[in-house]
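**Student:** Fold the stuff below for me.
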Amino acid sequence: MDLLRSLPLGLYLEQPRTWLHRLDPRVKLAWLMMFLLTPLLADLPWRLALVVGLILLTISATIPLRVWRKQMGWLLLLCVLVGGITTLMPDGLAVSYQPRLPTQALTFPQQQPSSTQSPQPWYQPFIFWQTPEKSDPPSLPQPTAYRYVLFHRGPVRITRRSLELGLRLGTWLFTLIYGTTLYLLTTAPEEITVAIDVLLQPLKRWRIPITEMTLTLTLSLRFIPLVLEEIQNLIRAIRTRAINWKKLGIRGAFQLWLLLADRLIENLFLRAEQVASAMTVRGFTSPNHHQVRWHQLRIRLIDQLALVLVILVCGLRIWIGTLP
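**Tutor:** Residues are numbered from 1 along each chain as shown. Prediction:
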């Protein structure tokens, strides 16, 4: 299926090897944490700067256009839809509340009301649609060009608050998904697990199974392409059979989808059993007795420069956050 190939979630790009591939995985993990944590409680310019930085980082790494073009296109479409829906929704600040007191206060005059006096709607429920005439307040000229409501026509109402919320949510979603995908795209699963294993070594003092956790992470990253392959095979099988969904109806279609889900889970369990059997045959019975180093971690000059840049960006974020 072309859609699954155009969205390489969790897949590693082996060729060509860019300068992002040559960075130490611990340094790239620090960059990823910077992209994920600095947008918290940040203003809109900082979030937009992170989005532009991710795009420039992808272009500077000379990653092939065929790899990230469709992926970034679908992601940008998702972010635009989410941001647009949030922008069109009420912001919760400019809500017209019902006044607590009635528009006309109750008065008890001394003289008897005349019979020609117009009836008041508050004591006659059958003419509630007749509202008393209100005098519009005089329109005063605004001293500045500031407007809270940016666009209002019919039911569509866009305010500064709703627009800001839409942009915040869209940029945060793009940074979260694309930053993680770019990290997985340029870092092998073995490098990720070795980096996490090295960084979590101090936790072994409290008898936390770090090696088992990293092994599980490696197997899960290796298992993602198998899941996508099984989904692709099932979709191709449905297409080749030319099923008429209109004749099946809602109940028949629901039963067919349940059957496909059962088949997918069964195939995934079969793949997992095959992986476990292959590891057992090769003598991999315990991760503590089979320390396999897939990658040699080395901090080079380019890694040191990247770490200094991360520290500078985080310091800039803290300095901007402390400004009044």
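
**Student:** Could you use CA atoms for every contact and neighbour count after this?
**Tutor:** Fine.

**Student:** May I have the phi/psi pair for residue 298?
**Tutor:** Per-residue torsions, residue 298: phi -140, psi 130 (degrees, to the nearest 10).

**Student:** And for residue 55?
**Tutor:** According to degrees, to the nearest 10, residue 55 has phi -70, psi -40.

**Student:** measure it to residue 319 for me?
**Tutor:** Going from residue 55 to residue 319 by C-alpha to C-alpha, to the nearest Å gives 24 Å.

**Student:** neighbour-wise, which of these two wins?
**Tutor:** residue 55 (14 against 10; other C-alpha atoms under 10 Å).

**Student:** For the more buried one, give its distance to residue 178.
**Tutor:** Residue 55 is 9 Å from residue 178, by C-alpha to C-alpha.

**Student:** mean confidence for stretch 81-96?
**Tutor:** Averaging pLDDT along stretch 81-96 yields 79.

**Student:** what's the answer for stretch 178-193, then?
**Tutor:** Computed over stretch 178-193, the average pLDDT equals 85.

**Student:** Equivalent analysis for stretch 200-208, please.
**Tutor:** pLDDT averaged over stretch 200-208 gives 83.

**Student:** Touching it from outside, list them.
**Tutor:** residue 210 (C-alpha atoms under 8 Å, 6 or more residues apart in numbering).

**Student:** redo that, cut-off 10 Å
**Tutor:** Contact with stretch 200-208 is made by 194, 197, 209, 210, 211, 214, as judged by C-alpha atoms under 10 Å, 6 or more residues apart in numbering.

**Student:** and the second one, what does it touch?
**Tutor:** Residues in contact with residue 197, defined by C-alpha under 10 Å, 6+ apart, are 191, 203, 210, 211, 212, 213, 214, 215.

**Student:** Next up, phi/psi of it, please.
**Tutor:** Torsion angles, degrees, to the nearest 10, at residue 197: phi -60, psi -40.

**Student:** ok, now how distant is it from residue 78?
**Tutor:** Where residue 78 is concerned, residue 197 sits at a distance of 34 Å (C-alpha to C-alpha).

**Student:** Likewise for the fourth one?
**Tutor:** As judged by C-alpha to C-alpha, residue 210 and residue 78 stand 36 Å apart.

**Student:** Looking at these two, which one has more neighbours?
**Tutor:** Using other C-alpha under 10 Å as the criterion, residue 210 and residue 78 rank with residue 210 on top: 19 against 15.

**Student:** The more buried one and residue 195 touch, don't they?
**Tutor:** No: the criterion here is C-alpha atoms under 10 Å, and residue 210 misses it with residue 195 at 11.7 Å.

**Student:** which helices and strands sit right next to the top helix by length along the chain?
**Tutor:** Across the chain, the longest stretch assigned as helix under DSSP state H is helix 245-281. Secondary structure elements in contact with helix 245-281, counted by 3 or more C-alpha pairs under 10 Å, 6 or more residues apart in numbering; DSSP states H and E, are helix 210-241.

**Student:** what's the angle between the helix it packs on and helix 245-281?
**Tutor:** 150 degrees (axes from the mean of the first three to the mean of the last three C-alpha atoms, to 10 degrees).

**Student:** Show me which residues of helix 210-241 are buried.
**Tutor:** 210-211, 214-215, 217-218, 221-223, 225, 227, 230-232 (16 or more other C-alpha atoms under 10 Å).

**Student:** Determine the set of other helices and strands touching it.
**Tutor:** Packed next to helix 210-241, using 3+ C-alpha pairs under 10 Å, 6+ apart, are helix 2-6, helix 189-199, helix 245-281.

**Student:** Which stretches in the stretch 51-200 of the chain count as helices?
**Tutor:** 65-88, 160-186, 189-199 (DSSP state H, counting those that start in this stretch).

**Student:** Turn these into JSON lines, columns for distance to residue 238.
**Tutor:** Below are those laid out as JSON lines (distance: least, C-alpha to C-alpha, whole Å):
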{"stretch": "helix 65-88", "distance to residue 238": "24"}
{"stretch": "helix 160-186", "distance to residue 238": "29"}
{"stretch": "helix 189-199", "distance to residue 238": "32"}
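
**Student:** Of all these, which one is nearest residue 12?
**Tutor:** helix 160-186 (4.6 Å; C-alpha to C-alpha).

**Student:** for that closest one, packing partners?
**Tutor:** helix 19-22, helix 25-37, helix 44-60, helix 65-88, strand 149-153.

**Student:** Between which two of the contacts of residue 197 is the distance greatest?
**Tutor:** 191 and 203 (19.5 Å).

**Student:** Find the residue closest to residue 91 in space, skipping its chain neighbours.
**Tutor:** What sits nearest to residue 91 in space, not counting adjacent residues and going by C-alpha to C-alpha, 6 or more residues apart in numbering, is residue 162, at 5.0 Å.
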